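Undergrad: Prediction below, plus the sequence it came from.
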Amino acid sequence: MLTIKCAGCKRKIWKYLKIGKGQVLRCHKSKITKEYDFERREERIYCRCGRAICEDKGKYFRMIPKAFMHTGEKN
């Protein structure tokens, strides 16, 4: 389980069930287990500090690589 956080202010965005050892390039909506504090504006997800974290692509979010960080273990 990974905790996705904003790279700027370190605020938690959501908990994500990552399967595999690869990079976090996409977050599938069905694997997000808990949501924290973020805003949806115009097809993008923003942290409360104003940093764009990812783009909404329908079934998944396409992550912006330098906008987020994660902690936890990949399954």
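TA: In hand now; what should we look at? Residues are numbered from 1 along each chain as shown.

Undergrad: From here on, just use CA atoms for contacts and neighbour counts.
TA: Will do.

Undergrad: got a list of what the residue nearest to Asp37 when sequence neighbours are not counted touches?
TA: Computed as Cα to Cα, 6 or more residues apart in numbering, the closest residue to Asp37 that is not its neighbour in sequence is Ile13, at 5.6 Å. Counting by Cα atoms under 8 Å, 6 or more residues apart in numbering, Ile13 touches Thr3, Ile4, Lys5, Cys6, Glu35, Tyr36, Asp37, Phe38, Cys47.

Undergrad: again, but for Glu35
TA: Ile13, Trp14, Lys15.

Undergrad: can I assume the second one is in contact with Cys27?
TA: In other words, Trp14. No - Trp14 lies out of contact with Cys27 (Cα atoms under 8 Å); the separation is 10.1 Å.

Undergrad: mind listing the strands for the protein?
TA: With strands called from DSSP state E, the chain shows them at 2-6, 12-16, 26-28, 32-35, 38-41, 44-47, 52-56, 60-63, 68-72.

Undergrad: for the record, mean pLDDT for the third one?
TA: Pointing back at strand 26-28 there. On average, the pLDDT along strand 26-28 is 95.

Undergrad: Next: stretch 53-60.
TA: 96.

Undergrad: And it, end to end?
TA: 13 Å (Cα to Cα, to the nearest Å).

Undergrad: Can you list the buried residues in it?
TA: Neighbour-count burial for stretch 53-60 flags Ile53, Cys54, Glu55, Asp56, Tyr60 (criterion: 16 or more other Cα atoms under 10 Å).

Undergrad: Run the chain-centre distance for it.
TA: 9 Å (Cα atoms, centre = their mean, to the nearest Å).
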